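S.K.: below is the structure, and that's it, no one-letter string:
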């Protein structure tokens, strides 16, 4: 379908749907290039609605990186909400890009951003809406290359049959190599198989069709083997040695979105080593931007966008080396422009209160703390060793400085958790509230958000079983009973959502059939509470002949192969195993900025560290050129050219 | 010198589906890009002193919108206008900027009526007859958001005109006072014309004495 035709037909549909501006494009700072004058056209897809997708930093970064090239363009694609999808299907309108209204099918490369697992059915739905065959094996040279990346793809197997190639790790550099490989392949005029083989040779790219999955007699995953000798095994994640300058010409949406703000990543990775935390393990090493670079980016970003909010993003803001100078400088430069500055993920210490006080000078909304567990025993198991006394002292300071609400984030379902640990969540919340009462009287509030732990791949807890729905419900019932009273609010997750997240996180390649069947049965927008079709998922498991419980409720032997073992995050299995065993003894690790625990990043990426000396990485320096390094010097040199 | 300014602007196609509050925010961001500090209200939750004259129904464009804005310090009108022009987003076209006396009445209280023009993506059978029938009614009770109201007195004028393309257009003047605002979508619906085949533009805002 020609863009003009699509546009004309779209005009008739838009007045009938909710929030039509989701579907028009045309915002400030959107990049529109001449379709006929670039070699490689990339559709960047966030498989959920515009309002969420526009808040995804990964899409913004890649959009900027690709559109800086003269020979390529990138356009945005989001999932139409159910009302729009129904109209599009009825009218035979294909999925299209916002910038030029080209059908997604007409792009060369379609790249999905998959930061979390509950986007999988939407991915299938969008491929279907685009008229692209769902299974990689059914695609021909006529179809776009379908790639995917994002945190969920560190276990790519549950969607492996649908994706031609995965980017494992950070995309800023590898996207250019993919575009180059695509151009070279087009010039060579060879088969689609040849394209996939070429892609598989790029550091950080995983082409699932080049591997075969194996299972033992009991149906337990037994490993993955190469189908062709050239296929790398394991596949090492990609990482950028130094964070490139952040994008500043961010698109300014016409309508409100989830995070309607100018985002700037101040640091990538985290050195704390919380054992449940997927990001903390897969995003190593820690790399920081300088204060000057961040402040310059904000200056430029505000000039381009005029946003009223700045988000200083990282996994653990307080750990940024120069956090106080950064906050002071940001306030000095930007506070009188009436912008608010958000600084998420602060540590539980009074210093955080001082930081927030500098930022929120007028309006004090809620202050968020994430103890994750309520007893010191439990916090030692998960390696978030904060003492209860320190937490209460921090809370006291927060209330004293004028915040009336403290939000506390906890998880239930941690390994070796007892009902006493669960009840302690209520006790601790009340203790925090008591601190507030002392200062503010009845105005003090505590909001406790309690989610449920999912044992994630590539973490020290990957061996741990997830709680069953029955257990979760019992723990939640206990919380509801204990957390009553004025000033207290409790938020719980639906255990069925937790189950879905667990299946999709831990699945092997057979799970793809379940995803496919669940989608056929109507599952989509699984991340939306009101859209979850739990029964459809259970039915899909039954029809495919797999047990959902087998995937998530079994404690794994230390040497059991995992379906994600072929993906190497740089951290070694040996390290994860040791950390798991330490957790069982309640043994903790300190911040690895203070002492290197040899997680594996340094030996595996030694050449990269050697070539990136100084303060950029928070790992120790590598002074001499290492003999063994997974990422070779030639690869690194090519990148740095 | 005053630090209150009145903007006359058009809201064009790219912003057709941008609602009232989001248009306001688009202007606030435009002022920030222009490095023109908007004055904020006093109080616990300070709000920028930027006020649009009258809300525009979602899906309409407008040739004629008005807004009043207070800046933190007085600046020559020409400078305000020039700096805004450089950083306008798609969908906002600035027609002019005027200085307004500080104590002038609030813009929202001045508006008495809006004029709209609808063109149609496909022919509307018996358009003239529909209009005639509508105008012959004394009363037109309708329900909106669970409340019954009479649309007829809110329609001050309604006629079929020829556009420059020779095609018929529907022109209307609707009352726009606090608590008595006619909506063009309601008029089209009362005429039995589907909203999605109409392209509605506000062509004028009528101001009274205040």
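M.R.: Thanks, I have the structure now. Since the structure is predicted, the reported quantities are computational estimates derived from the model, not experimental observations.
S.K.: what about stretch B:181-194, distance to the chain center?
M.R.: Averaging C-alpha positions (CA atoms, centre = their mean, to the nearest Å) puts stretch B:181-194 16 Å from its chain's average.
S.K.: got the residues of the stretch 301-450 of chain A near chain B?
M.R.: Taking CB under 8 Å from any CB of the partner chain as the test, the list of the stretch 301-450 of chain A residues beside chain B reads A:302-308, A:336-339, A:362-363. Heads up, the C-betas are built off the backbone N, CA and C, glycines and all.
S.K.: narrow these to those in helices?
M.R.: A:302, A:303, A:304, A:305 (DSSP state H).
S.K.: restricted to buried residues, select those residues in ChimeraX.
M.R.: Listed next is the ChimeraX selection for buried residues among these, using 16 or more other CB atoms under 10 Å in any protein chain shown:
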select /A:302,304,305
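S.K.: among the residues of the stretch 301-450 of chain A next to chain B, which one sits closest to chain B?
M.R.: residue A:306 (3.2 Å; CB to the nearest CB).
S.K.: quick check: the gap between the closest residue to residue A:486 other than its chain neighbours and residue A:485.
M.R.: Taking CB to CB, 6 or more residues apart in numbering or on different chains, and ignoring the residues beside it in sequence, residue A:486 has residue A:442 as its nearest neighbour in space, at 7.1 Å. Distance of residue A:442 to residue A:485, computed by CB to CB, to the nearest Å: 11 Å.
S.K.: tell me the buried residues in whichever strand or helix holds residue B:30?
M.R.: Secondary structure from DSSP states H and E places residue B:30 in helix B:20-33. Burial within helix B:20-33, assessed by neighbour count using 16+ other CB under 10 Å, is assigned to B:22, B:23, B:24, B:25, B:26, B:27, B:28, B:29, B:30, B:31, B:32, B:33.
S.K.: is chain A contacted by it?
M.R.: Yes. Interface with chain A: helix B:20-33 contributes B:21, B:22, B:25, B:26, B:28, B:29, B:30, B:31, B:32, B:33 (CB under 8 Å from any CB).
S.K.: pLDDT weak spots in the stretch 251-400 of chain A?
M.R.: A:361-363 (pLDDT under 70).
S.K.: ranges for the strands of it?
M.R.: Listed from the start of the chain, the stretch 251-400 of chain A has strands (DSSP state E, counting those that start in this stretch) covering A:262-265, A:267-268, A:287-288, A:309-313, A:340-342, A:367-372.
S.K.: follow-up on the earlier one: now tell me what touches the helix holding residue B:30 from outside.
M.R.: The set of residues that contact helix B:20-33 without belonging to it, under CB atoms under 8 Å, 6 or more residues apart in numbering or on different chains, is A:21, A:252, A:254-256, A:302-308, A:337-339, B:7, B:11, B:15, B:18, B:37-38, B:48, B:50, B:52, B:55-56, B:67, B:69, B:84, B:87-89, B:91-92.
S.K.: let me see the contact set for residue B:125.
M.R.: Applying CB under 8 Å, 6+ apart, we find residue B:125 in contact with no residue.
S.K.: is it true that it lies in a strand?
M.R.: No. Assignment of residue B:125 by DSSP: H, G, I helix; E, B strand; the rest coil gives coil, placing it outside any strand.
S.K.: what distance do you get for it to residue B:119?
M.R.: Using CB to CB, which is the criterion applied here, residue B:125 is 16 Å from residue B:119.
S.K.: residue A:304 too?
M.R.: Residue A:304 is 35 Å from residue B:119, where distance means CB to CB.
S.K.: also residue B:37?
M.R.: Using CB to CB, residue B:37 is found at 40 Å from residue B:119.
S.K.: find the nearest non-adjacent residue to residue A:45, please.
M.R.: Take residue A:45 and drop its neighbours on the chain: the residue closest to it by CB to CB, 6+ apart is residue A:77, 4.4 Å away.
S.K.: sheet partners, orientation included, of the one helix or strand that neighbour maps to?
M.R.: The secondary structure element spanning residue A:77 is strand A:72-78 (assigned by DSSP H and E). Sheet pairing of strand A:72-78 (DSSP bridges) gives strand A:40-46 (parallel).
S.K.: could you chop the chain up by domain?
M.R.: The chain I'm using is chain A. According to the domain assignment given by automatic domain parsing, chain A is divided into the following structural domains: A:3-236, A:581-640.
S.K.: the intended chain is chain B.
M.R.: B:4-104, B:110-207.
S.K.: among those, which is nearest residue A:239?
M.R.: Across those, the minimum distance to residue A:239, taken as CB to CB, is reached by domain B:4-104, at 34.6 Å.
S.K.: any low-confidence regions in the chain?
M.R.: Let's take chain A. Looking along chain A with the criterion set at pLDDT under 70, you get A:361-363, A:628-629, A:632-641.
S.K.: sorry, I should have been clearer: chain B.
M.R.: Within chain B, the set of residues satisfying pLDDT under 70 comprises B:210.
S.K.: which residues of it fall in helices?
M.R.: With DSSP H applied, chain B shows helices at B:20-33, B:77-85, B:107-110, B:127-136, B:184-190, listed in chain order.
S.K.: and what of the stretch 451-600 of chain A?
M.R.: With DSSP state H, counting those that start in this stretch, the ranges of helices along the stretch 451-600 of chain A come out as A:469-482, A:495-506, A:511-520, A:534-544, A:548-552, A:573-584.
S.K.: burial check on residue B:167, number of neighbours?
M.R.: Residue B:167 sits with 10 neighbouring residues when counted by other CB atoms under 10 Å in any protein chain shown.
S.K.: measure it to chain A for me?
M.R.: With the distance defined as CB to the nearest CB, to the nearest Å, residue B:167 ends up 16 Å from chain A.
S.K.: in stretch A:369-384, what counts as buried?
M.R.: By neighbour count, with 16+ other CB under 10 Å as the criterion, the buried positions of stretch A:369-384 are A:369-376, A:378-384.
S.K.: which residue is it, in chain B, that comes closest to chain A?
M.R.: Distances from chain B to chain A, computed as CB to the nearest CB, single out residue B:29 as the nearest residue at 3.2 Å.
S.K.: distance of that residue relative to residue B:5?
M.R.: For residue B:29, the distance to residue B:5 equals 17 Å [CB to CB].
S.K.: next one: residue A:519
M.R.: Using CB to CB, one obtains 54 Å as the distance from residue A:519 to residue B:5.
S.K.: kindly report the same for residue B:186.
M.R.: Applying CB to CB to residue B:186 and residue B:5 gives a distance of 33 Å.
S.K.: name the nearest residue to the spatially most central residue of chain B, ignoring sequence neighbours.
M.R.: If you average the C-alpha coordinates of chain B and look for the closest C-alpha using CA atoms, centre = their mean, you land on residue B:56, 4.4 Å from that point. Excluding the flanking residues, the one nearest residue B:56 by CB to CB, 6+ apart is residue B:62, at 5.5 Å.
S.K.: I'd guessed that neighbour sits against residue B:204; true?
M.R.: No. No contact is recorded between residue B:62 and residue B:204 when judged using CB atoms under 8 Å, the distance being 9.4 Å.
S.K.: need the residues of chain A near chain B, please.
M.R.: By the rule CB under 8 Å from any CB, the part of chain A lying against chain B is A:11-16, A:19-21, A:24, A:26-28, A:30, A:252, A:254-256, A:302-308, A:336-339, A:362-363.
S.K.: try 10 Å this time
M.R.: For chain A, the contact set with chain B under CB under 10 Å from any CB of the partner chain comprises A:8, A:11-17, A:19-30, A:252-256, A:260, A:302-308, A:336-339, A:362-363.
S.K.: what subset of these is buried?
M.R.: A residue is treated as buried here by neighbour count (16+ other CB under 10 Å); on that basis the buried members of the residues of chain A next to chain B are A:13-15, A:17, A:19-30, A:252-255, A:260, A:302, A:304-308, A:338-339.
S.K.: no further questions, thank you.
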